[in-house]
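Visitor: With the sequence up front, the predicted model follows.
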Amino acid sequence: MATVEIDALQKHYGRFHALKDIAFTVEDGEFVVLVGPSGCGKSTLLRTIAGLEEVSDGAIRIGGNDVTDLEPRDRDIAMVFQSYALYPHMSVRDNMAFSLNLRKTPQQDIDARVAEAARILGIEPLLERKPRALSGGQRQRVAMGRAIVRHPQVFLFDEPLSNLDAKLRVQMRAEIRALHQRLGATSIYVTHDQVEAMTMADRIVVLEAGRIVQAGSPLELYERPVNRFVAEFIGSPSINLVPATVDGRNLRLPAGAITLPANVSGGSVIAGVRPEDLRPAADGPIAGTVRLVEHLGAETYVLFGDEDRDLSLCWRVGGTPAVEAGDPIRLTTDPSRIHLFHPETGARL
């Protein structure tokens, strides 16, 4: 496996600047996830690493070698796409062996690699089937097997689970992560699903409008988002954001005040509180009327708000709280769990 270095990467489509000075390193054996909203440039970035898109400026190095101008076949990478892209007329075995046959790999080596990949992925009984006889999850395993047999330096995943149902996505997330740990493979994974990013990544790179906004471990991004955008994107349900004012250590919220752990410059702020960090309090400074109660079994989402202040908030609580639509509700939080953002720039304060 190998380190991947992205150095001052730029990508233009005419006047549109798709990637803006992208720079980061994926260490040998690391699993890095690129996340961001649709159109932020994450798939374009992955395609430039793969060699499927030419870069406008900057450099890409894999294993210390500059591959910026190399063809995809010369970069020693393997890519798993959102679409399985299996040949319908070929068996699973032949689909997995196809790239090795093109390289004129000895048949003995092909058989050994296919057998090993099939064992790792648990698809040994499927080797003689055609893709039409496979489920979505089985087809995705075959697509991954086709990548594994190549023994590449780097694995690239472009939203590979988007076509699967919710239950199968959870299963495949665990399987891909276990596969990475078994192979120790350098991997770059693109998704718009922040739950996938949080559960799979060693490190997350968040993109917005073609720029890297923040990079760090999942917990770093969750606990200390650098701005409002990252705070809203990481975490499910999304963080609650409430207009507030601060004076020294006093944070004044719509229905009361909280004493902060340290002094903050005075003025208007946006206060962010994670739904799971809220708790009931008779005189809580966060108040509203319950609009909807969503029972999920082990936990409940209580959606509440204040129409006069145009607030729509969420309380995530374990079990089944004794509240119904139309009930007034007052909540508070641990002051150390509050995130403060600039009301205009969105930067963390």
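Guide: Okay, I see it.

Visitor: Helices along the stretch 151-300 of the chain, start to end?
Guide: Secondary structure of the stretch 151-300 of the chain (DSSP state H, counting those that start in this stretch): helices at 166-183, 194-200, 218-223, 228-233.

Visitor: Rebuild those as a markdown table, extending it with mean neighbour count, distance to residue 248 and mean pLDDT.
Guide: For every residue, glycine as well, the C-beta is placed using N, CA and C. Converted to a markdown table, the helices of the stretch 151-300 of the chain look like this (neighbours: other CB atoms under 10 Å; distance: least, CB to CB, whole Å; pLDDT from 0 to 100):
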| stretch | mean neighbour count | distance to residue 248 | mean pLDDT |
| --- | --- | --- | --- |
| helix 166-183 | 15 | 45 | 85 |
| helix 194-200 | 20 | 34 | 91 |
| helix 218-223 | 17 | 24 | 96 |
| helix 228-233 | 21 | 23 | 96 |
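
Visitor: Kindly reformat the ones you listed as CSV containing distance to residue 346.
Guide: Listed next are these as CSV, based on distance: least, CB to CB, whole Å:
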stretch, distance to residue 346
helix 166-183, 30
helix 194-200, 18
helix 218-223, 15
helix 228-233, 4
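
Visitor: I'd guessed residue 347 sits against residue 339; true?
Guide: No - using CB atoms under 8 Å, residue 347 makes no contact with residue 339, being 11.4 Å away.

Visitor: So which of these two has more stuff around it?
Guide: Between residue 347 and residue 339, residue 339 has the larger neighbour count (other CB atoms under 10 Å), namely 22 against 12.

Visitor: Chain neighbours aside, what residue packs nearest to that one?
Guide: Distances taken as CB to CB, 6 or more residues apart in numbering place residue 272 nearest to residue 339, at 3.8 Å, with adjacent residues excluded.

Visitor: And for that neighbour, the neighbour number?
Guide: 23.

Visitor: Mind listing the residues bridging to it?
Guide: Taking DSSP bridges as the rule, residue 272 bridges to residue 241, residue 339.

Visitor: Name all residues that make contact with residue 131.
Guide: Neighbouring residues of residue 131 by CB atoms under 8 Å, 6 or more residues apart in numbering: 84, 86, 87, 88, 90, 92, 95, 139, 142.

Visitor: cool, and residue 158?
Guide: Listed by CB under 8 Å, 6+ apart, the contact partners of residue 158 are 43, 46, 47, 79, 80, 81, 82, 190.

Visitor: Can you tell me the closest non-neighbouring residue to the second one?
Guide: Nearest non-adjacent residue to residue 46, counting by CB to CB, 6+ apart: residue 190, 5.0 Å away.

Visitor: How many residues are close by the one you found?
Guide: Using other CB under 10 Å, residue 190 has 24 other residues around it.

Visitor: quick one: it and residue 2, what's the gap?
Guide: To residue 2, residue 190 is 19 Å away according to CB to CB, to the nearest Å.

Visitor: Domain map for the chain?
Guide: The record, using automatic domain parsing to delimit domains, assigns the chain the ranges 4-233, 240-341.

Visitor: Please identify the most buried of these.
Guide: Most buried of the domains of the chain, by mean neighbour count (mean count of other CB atoms under 10 Å): domain 4-233, with a mean of 18.

Visitor: tell me how far that one is from the chain's mean position?
Guide: In terms of CA atoms, centre = their mean, to the nearest Å, the centre of domain 4-233 is found 12 Å from the chain centre.

Visitor: pLDDT weak spots in the stretch 1-150 of the chain?
Guide: The stretch 1-150 of the chain contains residues with pLDDT under 70 at 1.

Visitor: closest to residue 110 out of the helices of the stretch 151-300 of the chain?
Guide: Smallest distance to residue 110 across the helices of the stretch 151-300 of the chain (CB to CB): 18.6 Å, for helix 166-183.

Visitor: Who are the packing partners of the closest one?
Guide: Applying 3 or more CB pairs under 8 Å, 6 or more residues apart in numbering; DSSP states H and E, we find helix 166-183 packed against helix 107-121, helix 136-148, helix 194-200.

Visitor: how much does that helix deviate in direction from helix 136-148?
Guide: Note on geometry: by axes from the mean of the first three to the mean of the last three CA atoms, to 10 degrees, helix 166-183 and helix 136-148 are set 20 degrees apart in direction.

Visitor: secondary structure class for residue 305?
Guide: strand (DSSP: H, G, I helix; E, B strand; the rest coil).

Visitor: Write down the beta-bridge partners of it, one by one.
Guide: So, taking DSSP bridges as the rule, residue 305 has residue 289, residue 312 as bridge partners.

Visitor: residue contacts, it?
Guide: 288, 289, 291, 311, 312, 313.

Visitor: try 6 Å
Guide: When contacts are counted by CB atoms under 6 Å, 6 or more residues apart in numbering, residue 305 touches 288, 291, 311, 312, 313.

Visitor: Tell me the pLDDT of residue 266.
Guide: On pLDDT, residue 266 comes in at 73.
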